[in-house]
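Colleague: A predicted structure for the sequence below; I have some questions about it.
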Number of protein chains: 2
Amino acid sequence: MNPPQHVGPQHMSGEEFRRHGHAVIDWIADYIDDVEQYPVESQVAPGDIRALMPTSPPEAPEAFEDILADVDRIVMPGITHWQSPNWFAFFPASSSAPAILGDLVSSGLGVQGMMWSTSPACTEVESVVMDWLVELLGLPEGWRTTDQGGGVLQMSASDSTHTALVVARHLANEAGHTDETLVAYTSGQAHSSIEKGARVSGYGHVRKIDVDDEFALIPAALEATIAADREAGLHPTFVNSSVGTTATTAIDPVKTVGEIARREGLWHHVDAAFAGSAMICPEFRHHQDGLELVDSYVFNPHKWLLTNFDCSAFFVADRKSLLETLSILPAYLRNEATESGAVIDYRDWHVPLGRRFRALKLWFVLRSYGAEGLRAHIRSHVEMAKGFEQKVIDDPRFELYSPTFFSLVCFRHVAGNDVTDTLAEAINATGKVSITRSEIDGDSFIRVAVGSTYTTQEHVDGLWELFDELAPVPAG
Amino acid sequence: MNPPQHVGPQHMSGEEFRRHGHAVIDWIADYIDDVEQYPVESQVAPGDIRALMPTSPPEAPEAFEDILADVDRIVMPGITHWQSPNWFAFFPASSSAPAILGDLVSSGLGVQGMMWSTSPACTEVESVVMDWLVELLGLPEGWRTTDQGGGVLQMSASDSTHTALVVARHLANEAGHTDETLVAYTSGQAHSSIEKGARVSGYGHVRKIDVDDEFALIPAALEATIAADREAGLHPTFVNSSVGTTATTAIDPVKTVGEIARREGLWHHVDAAFAGSAMICPEFRHHQDGLELVDSYVFNPHKWLLTNFDCSAFFVADRKSLLETLSILPAYLRNEATESGAVIDYRDWHVPLGRRFRALKLWFVLRSYGAEGLRAHIRSHVEMAKGFEQKVIDDPRFELYSPTFFSLVCFRHVAGNDVTDTLAEAINATGKVSITRSEIDGDSFIRVAVGSTYTTQEHVDGLWELFDELAPVPAG
């Protein structure tokens, strides 16, 4: 046979990979060391980054040094620094060194964990780590993969919530209810992913239930709405309890909602995307009393548990309905292990088939920090937030907007919306920090989320100094 | 104020991160160098990996060295080596050194690209790179983000196909058709994600259309089925064309299906998950003639374009319906850039809200290899597959099962199913390679997918030698 005409491309040699890899590691170490020196929010205008890039892809290979240099030249001006210790916006995207390195090992192994058989460690490490989370967070024992429930890593809470909505819809369809009649309930303060997930999965109706003055769902309003919907011939199907809403970390009454869900035959999902990480400290667990009345639960270690995106932990109390809804087994995926029933095939636990070895980074984090390190992490943030909250309370220019249950402080200027909005803009315009302006029912307020990995008391003090400096004293 | 009581956990210092990071890079370099020495498929039994892990998470922090050592001790026995040059199973999960390093930079930056404003570079680099793909793959000009279409990175083809199904369903719902009446069409040879996505998104019906003797969808059968469904009062909504099916890389007639779809008012989606990467070589593009009649398209650079999972490229010809279906804008996500309409907010292009900077690794790959390197990569694999196919054809023990359009060779032993199955098992049991056994309509066959990054002619020759050695000569 003739020798191949096409010899394939030039791959980076092992030696080159080591050299460039060390350079990237050093680049990241420098970045983490220096991140405070950048303006927290990117200062570019729409199109600025695109303008720095060629309109056509390169025909010939380029040197790795040039590409890495372009990260500095092209990418960095367009980065808003979520890893800055002065990041107080949205919720944090808390990463950590062990997470980055665990994820790197996953990239290096490059396995597809769609089934147990396609890399058994990818499935078993994930199952064990999810079972560890059950213990660490004080979740119901039955949620272990060794029991009738189980946990799986998904990309985002939106994906997990969507999955729960699909399972509930499937059960309702099986019982003869058509999509247009299905109703999903959630508080008006829940994350947009509930409404989006319900739309995406075809629910006919989404009801946003009234909240009390702490922005928690009012159970009586839920019951009344369910009754009215039944009266109208609709089929109440799904209810979400938020443990820590996005706007203010408000906490719905999980137990009472659970009792209503059981009585009315609804699927009960809990979205604890941000606050779920706090449950590693027993003193916060009372906020989610009633988990025994929950069908599915999601929280994001990539928000507040030092594990970089994507890492969303989804649990079900009973995996039977989940698997029944999502299992499809074509010939090319058949294998002995699956047929034995002795293994988990995570492909049946979510929409995507392919999956990377995401559990590695979580395993690295749980072991690197240990339970005691993770508790110290959560407690230090909550304490810093509480200290900040106290300054807000003590300052006559401000009023607290909602209770600080975890590490998010919500407040406003007593002079009202315009001054609050202007203040928020002025704070961000300093480039020294990033906070989020939000509003509920026409009331503007400021969100300060303490949660970035490297945030210390000094950074929180610095933030307060900015507020102190820039907030006007109200007239009169 | 009192000093904080909780000082937070001990984080890895910059110095430690450098040291451990270099160690992980070296570990990966060694792994890639040594991967041929492992049995390709993991040899563990269900529960073996779990048994090596403690049932409870550690209370105290553990040393990074111990964790990395446990990757060798606990994880590696449970790894099936997708990155082995002797990997010929399923489709490849082709990674590369630049991809691993690009993904590492993304982990280090730790930004959330849900909106343009939350890190402009994350959105603009992605848009530019997706526009580059339009040029590289010869896709319709209108699919650029600067035109009325656009591309976005999703996690998997399953997610992308699901997204397309949801948009099509939304349009049908808007036109007054209920979910139970919606019908999705695809060939009986399409990937399971079409059926799964249709189920997940609530379609009442999925029709698997008959295929011809090359396993391509038969247009007349599609038309007849659509007509029968209309007759029955159903609403034909969505049709998928596969360019490269999973079992045999069969190719549906995209243009003819597109004409039917236009005439009948169906959303036309193309699943080119594996074969789409080949379109970087102009000589393969005739296989997808008719893209001007396509509404959405997906292919996975993480399959055959040297970019590690997850990296699924999803394109729409017109982004209007996509955005209309998936946009939800709560107060805490409002911002000037979004309201100006001058930017892309990728959160509205898929189910998840959060997103990591996935475009970096694709940018690194496209620049490191250049278009010419990527074409050499594809052509060398196709050539190796063609060489292997010729040996199959020339050997009286075997018969080709389907045409080799790209780099997947499908064949069977002439003695029938049992011998074919036994042979497949025997090949994998050597531990030297991994191939996939599959079946269509009761016919067993063997799939040899040439596509792993480091596969050379030597590895393909070695695979053939195994077949030559282990395949029995048929009696008589």
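Modeller: That came through, no problem. Note that this is a predicted model, so its numbers are computed, not measured. Numbers count the residues shown, from 1 in each chain, chains lettered A, B, ... in the order given.
Colleague: contacting residues for the closest residue to A:Gly142 other than its chain neighbours?
Modeller: The shortest distance from A:Gly142 to any residue that is not its chain neighbour, by Cβ to Cβ, 6 or more residues apart in numbering or on different chains, is 5.1 Å, and that residue is A:Gly149. All C-beta atoms are positioned from the backbone trio N, CA, C, and that covers glycine. With contact set as Cβ atoms under 8 Å, 6 or more residues apart in numbering or on different chains, A:Gly149 has these partners: A:140, A:142-143, A:315-319.
Colleague: Among the residues you listed, filter down to the buried ones and hand me the PyMOL syntax, if you would.
Modeller: Buried residues among the contacts of A:Gly149 (16 or more other Cβ atoms under 10 Å in any protein chain shown), as a PyMOL selection:
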select buried, chain A and resi 140+142+143+315+316+317+319
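Colleague: Any residues of the stretch 351-476 of chain A in contact with chain B? List them.
Modeller: Proximity of the stretch 351-476 of chain A to chain B, by Cβ under 8 Å from any Cβ of the partner chain, involves residues A:351-356, A:360, A:363-364, A:366-374, A:376-377, A:379-381, A:383-384, A:387, A:436, A:438-440, A:447, A:453-454, A:456-457.
Colleague: What subset of those residues is buried?
Modeller: When neighbours are counted using 16+ other Cβ under 10 Å, these contain these buried positions: A:351-356, A:360, A:363-364, A:366-371, A:373-374, A:376-377, A:379-381, A:383-384, A:387, A:436, A:438-440, A:447, A:453-454, A:457.
Colleague: Kindly reformat the contacts of A:Gly149 as JSON lines containing pLDDT and distance to A:Ser56.
Modeller: Formatted as JSON lines, the entries for these read as follows, by pLDDT from 0 to 100; distance: Cβ to Cβ, whole Å:
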{"residue": "A:Pro140", "pLDDT": "98", "distance to A:Ser56": "56"}
{"residue": "A:Gly142", "pLDDT": "97", "distance to A:Ser56": "56"}
{"residue": "A:Trp143", "pLDDT": "98", "distance to A:Ser56": "51"}
{"residue": "A:Phe315", "pLDDT": "98", "distance to A:Ser56": "47"}
{"residue": "A:Val316", "pLDDT": "98", "distance to A:Ser56": "48"}
{"residue": "A:Ala317", "pLDDT": "98", "distance to A:Ser56": "53"}
{"residue": "A:Asp318", "pLDDT": "96", "distance to A:Ser56": "53"}
{"residue": "A:Arg319", "pLDDT": "94", "distance to A:Ser56": "49"}
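Colleague: Tell me which of the contacts of A:Gly149 fall in helices.
Modeller: Here DSSP state H is the test, and the contacts of A:Gly149 give A:Arg319 as lying in helices.
Colleague: so which of the contacts of A:Gly149 would you say is closest to A:Ala175?
Modeller: Sorting the contacts of A:Gly149 by how near they are to A:Ala175, with Cβ to Cβ, puts A:Asp318 at the top with 16.6 Å.
Colleague: any idea how far chain B is from that closest one?
Modeller: Computed as Cβ to the nearest Cβ, to the nearest Å, the A:Asp318 to chain B distance reads 19 Å.
Colleague: so what pLDDT did the closest residue to that residue other than its chain neighbours get?
Modeller: Here the nearest residue to A:Asp318 in space, its sequence neighbours aside, is A:Gln148; by Cβ to Cβ, 6+ apart that works out to 5.2 Å. The model reports A:Gln148 with a pLDDT of 94.
Colleague: ok, A:Gln148 - contacts?
Modeller: Applying Cβ under 8 Å, 6+ apart, we find A:Gln148 in contact with A:142, A:317-320.
Colleague: helices and strands of chain A: which one has the lowest mean pLDDT?
Modeller: Among the helices and strands of chain A, helix A:336-340 carries the lowest confidence by mean pLDDT, DSSP states H and E, at a mean of 76.
Colleague: List the buried residues in that one.
Modeller: For helix A:336-340, a neighbour-count test (16+ other Cβ under 10 Å) marks A:337-338 as buried.
Colleague: mind listing the strands for chain A?
Modeller: All strands of chain A, identified by DSSP state E, fall at A:150-154, A:182-187, A:205-209, A:235-242, A:267-271, A:296-299, A:312-316, A:398-400, A:408-413, A:436-440, A:443-449.
Colleague: Would you mind giving those as TSV with distance to A:Asp468 added?
Modeller: Listed next are the strands of chain A as TSV, based on distance: least, Cβ to Cβ, whole Å:
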stretch	distance to A:Asp468
strand A:150-154	42
strand A:182-187	34
strand A:205-209	37
strand A:235-242	32
strand A:267-271	35
strand A:296-299	34
strand A:312-316	37
strand A:398-400	10
strand A:408-413	12
strand A:436-440	18
strand A:443-449	13
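Colleague: Would you check how far apart the residue nearest the centre of chain A and chain B are?
Modeller: Centre of chain A computed as the mean C-alpha position; nearest residue by Cα atoms, centre = their mean is A:Asn300, 3.9 Å away. Taken as Cβ to the nearest Cβ, the spacing of A:Asn300 relative to chain B amounts to 8 Å.
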